[in-house]
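Here is a sequence together with a model predicted from it:
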Amino acid sequence: MDFDIGANQDNPGMVRDRQCILLQPFAIAIRPMKSLARASLSALCCCLSVVSIARAQAGSPTRFATNPTRFLVCNKGDGSFHGTLPKGTANHDIAVSVGAAKTKGFAARSCQAKLTWHKRDLVVVPDAAQVDIDVMGADLGLGSLVVAFQLKASDTDPQIKYEIYSLSKPPQLLRTITGEDFFSAADTMLDGSVEIWTTDAAAIRGFEGLPLDAFDAAPTVALRFEKKKLIDVNSEFRPYFDREIETLRSQLDARPLNDFRQSDGKLPNEQWMKDQPQGLLATKVKVLEIVWCYLYSGREQEAWKTLAEMWPSSDLNRIRTAIVDAQARGLRAQVDGVSHNVLPFRQSQRAEIYERVGSDSGFSSPSQYEHYEHSEHADTAPLQILLRIPPAQNAKHWAEAKQMELVVDEAGKVRSARIMTPLLDKDAVPQAANAPSAEFNKDWVAAAAGWKYIPAFKLGRPKPFRSMLLVGRDQ
């Protein structure tokens, strides 16, 4: 069972093995998340305290606790994290804490976050409905290692703040990005550059009077800091947008599209409050999503050409102006620039993938990473921040210890994961897709997509790391 991200030049999210199925980070998710709470996918989730993968390699299975918690670090006072960067890294004595807010000494139904060093505190947020740590110890291109928090003030407030603090003394707020959807930083191409992925949900809220959930997806946005400037880099991931366009076009029927082109383009929207129509209004939504894919990937000419082909001509000027205005008031208003580079602009760059710590025994590199440079020894292995697991279905399969191979990038995100067999064998191979427990293993590996780590370090810099992890679940 093998999942791989970012190893294909032509398609950053495409799997490279017939027995693979896609482990897809939020970077290329197609369904917008209306709130951080919904990111849990209604799964039963469990949280581990901070331990190192290197310790799991020593032989004892890493077991998941059974207390339910969210995908978030803290949701309405439930869940917590306290940790530092590993010893040997700069400013490893700065502690990051997230947990329940306190009211008169008692835990409240809300969350707080703070940074602590030398008996001094910097309160990130004293009281919020939801607090999450997206990255800790990553280099986002702001001149220092950082921790990035995601903050949602209340259930009724759609706004989500992505606040990036330096892990230096004293810690400082370096940048705030505001949106209405989940953020996720990752080294998408495993080339040493970290992107921050989200959607422009705020830009299309109320667009044409439609509710946000009328759309299959808000426009995807990839951001990156370059020379400390926040840059829109969507143009570098056009293959992703092309896949989305192909999917959306396949969902359009010729007759409804022709009928829509004969309409006034505005259409009454009351039906969205009752059900999901399959007629003109649904066609209108698909057309908008296709146009957004072209526009947000830096292809304005193709966007307007497509709009002219699919939209009622009498309404063309109005809707074009509305689309431009919506993009301008969204995340585009917060960036410092827009990249016009396209793949394979960065394909020649490859990050080193470390595979051991100190004298730990290693294992052979899988073929999908053979074009990366492999280095044997990192100074520290990744440290777990938050693990989410699927609900138990079969006690026998969940009780069995499983060996997982993970590649964790320098942002602490799992870029690939697979179940290996035989157990505890350095020459283990991926498990066959038709193995008896294959379906249960799919759940394990899919869950790994949401796991977060403090990355591995070499000479004080975060690095990608490939490791074996023993997992099991207490019943």
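Yes, it's here.

who touches residue 261 in this structure?
When contacts are counted by C-beta atoms under 8 Å, 6 or more residues apart in numbering, residue 261 is found next to 310, 311, 312, 313. In short, each C-beta sits where N, CA and C put it, glycine included.

Ok, residue 204 next?
Contacts for residue 204 (C-beta under 8 Å, 6+ apart) come out as 212, 215, 218, 219, 292, 326, 330.

Kindly report the same for residue 238.
Applying C-beta under 8 Å, 6+ apart, the residues near residue 238 are 297, 298, 299, 342, 343.

Grab the nearest non-local neighbour of the third one.
When you say that, I think you mean residue 299. residue 238 (7.6 Å; C-beta to C-beta, 6 or more residues apart in numbering).

For residue 167, see how far away that neighbour is.
Going from residue 238 to residue 167 by C-beta to C-beta, to the nearest Å gives 34 Å.

Kindly report the same for residue 208.
The value you get for residue 208 to residue 167, if C-beta to C-beta is used, is 43 Å.

before we move on, back to that, so the residue nearest to residue 299, which state does it fall into?
At residue 238 the chain is in helix, as set by DSSP: H, G, I helix; E, B strand; the rest coil.

what's the spacing between it and residue 333?
23 Å.

With residue 112 instead?
Distance of residue 112 to residue 333, computed by C-beta to C-beta: 29 Å.

higher neighbour count, residue 208 and residue 167?
Comparing residue 208 with residue 167 by neighbour count (other C-beta atoms under 10 Å), the higher total belongs to residue 167, at 23 against 18.

could you list every residue that touches that one?
By C-beta under 8 Å, 6+ apart, the contact set of residue 167 is 85, 90, 91, 94, 136, 137, 144, 145, 146, 147.

what do you get for residue 259?
Neighbouring residues of residue 259 by C-beta under 8 Å, 6+ apart: 279, 280, 283.

Kindly format the C-alpha coordinates of the one helix or strand it maps to as CSV.
Assessed by DSSP states H and E, residue 259 sits inside helix 254-261. Output in CSV follows, covering the C-alpha atoms of helix 254-261 (Å, rounded to 0.1, in the frame of the first residue of the first chain):
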residue,chain,number,x,y,z
ALA,A,254,-24.3,20.1,-23.7
ARG,A,255,-28.1,20.7,-23.5
PRO,A,256,-28.2,22.4,-20.0
LEU,A,257,-25.1,24.4,-21.1
ASN,A,258,-26.9,25.6,-24.2
ASP,A,259,-30.0,26.4,-22.2
PHE,A,260,-28.0,28.4,-19.8
ARG,A,261,-26.4,30.4,-22.6
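
That one: what's the following helix or strand?
As the chain continues past helix 254-261, the following element, by DSSP H and E, is helix 280-296.

and the angle for that following helix with helix 254-261?
For helix 280-296 and helix 254-261, the angle between their directions (axes from the mean of the first three to the mean of the last three C-alpha atoms, to 10 degrees) works out to 80 degrees.

re earlier: ok, so of the contacts of residue 261, who is nearest residue 449?
Within those, the smallest distance to residue 449 is 34.1 Å, found for residue 310 (C-beta to C-beta).

For the nearest residue to that closest one once chain neighbours are set aside, grab the count of nearby residues.
With C-beta to C-beta, 6+ apart as the criterion, residue 310 has its nearest non-adjacent residue at 4.6 Å, and that residue is residue 287. Counted with other C-beta under 10 Å, the burial measure for residue 287 works out to 23 neighbours.

Who does the longest strand along the chain pair with, and is each partner parallel or antiparallel?
If you go by DSSP state E, the chain has its longest strand at strand 106-117. Neighbouring strands of strand 106-117 in its sheet, by DSSP bridges, are strand 95-103 (antiparallel), strand 120-128 (antiparallel).

buried residues in that strand?
Neighbour-count burial for strand 106-117, with 16 or more other C-beta atoms under 10 Å as criterion, is recorded at 110, 111, 112, 113, 114, 115, 116, 117.

Out of those residues, flag the one nearest to residue 176.
Closest to residue 176 out of these is residue 113 (13.7 Å), distances taken as C-beta to C-beta.

my guess is the closest one contacts residue 101, does it?
No - checked against C-beta atoms under 8 Å, the pair residue 113 and residue 101 is beyond contact range at 9.5 Å.

Overlap of the contact sets of these two?
Each of residue 128 lies in contact with both residue 113 and residue 101 under the rule C-beta under 8 Å, 6+ apart.

do you know how far the closest residue to residue 136 other than its chain neighbours is from residue 335?
In space, and not counting its chain neighbours, residue 136 is closest to residue 147: 4.5 Å by C-beta to C-beta, 6+ apart. Distance check for residue 147 against residue 335: by C-beta to C-beta, it reads 22 Å.

If you count surrounding residues, which of those two has more?
Between residue 147 and residue 335, counting by other C-beta under 10 Å, residue 147 is the more crowded of the two (24 against 17).

need the contact list for that one.
Contact partners of residue 147, counting by C-beta under 8 Å, 6+ apart, are 96, 115, 133, 135, 136, 137, 164, 165, 167.

Quick check, pLDDT for it.
Per-residue confidence (pLDDT) for residue 147: 98.

Can you list the strands that the helix or strand where it lies pairs with?
Taking DSSP H and E as the criterion, residue 147 maps to strand 146-152. Each strand that pairs with strand 146-152, with its direction, by DSSP bridges: strand 130-138 (antiparallel), strand 160-166 (antiparallel).

out of those strands, which comes closest to residue 409?
That would be strand 130-138 among the strands paired with strand 146-152, by C-beta to C-beta, at 8.9 Å.

quick one: terminal-to-terminal distance for stretch 146-165?
5 Å (C-alpha to C-alpha, to the nearest Å).

Give the buried residues for that stretch.
Of the residues in stretch 146-165, those buried (16+ other C-beta under 10 Å) are 146-153, 158, 160-165.

among the contacts of residue 238, which two are most distant?
Spanning the widest gap among the contacts of residue 238 are 299 and 343, at 13.5 Å by C-beta to C-beta.
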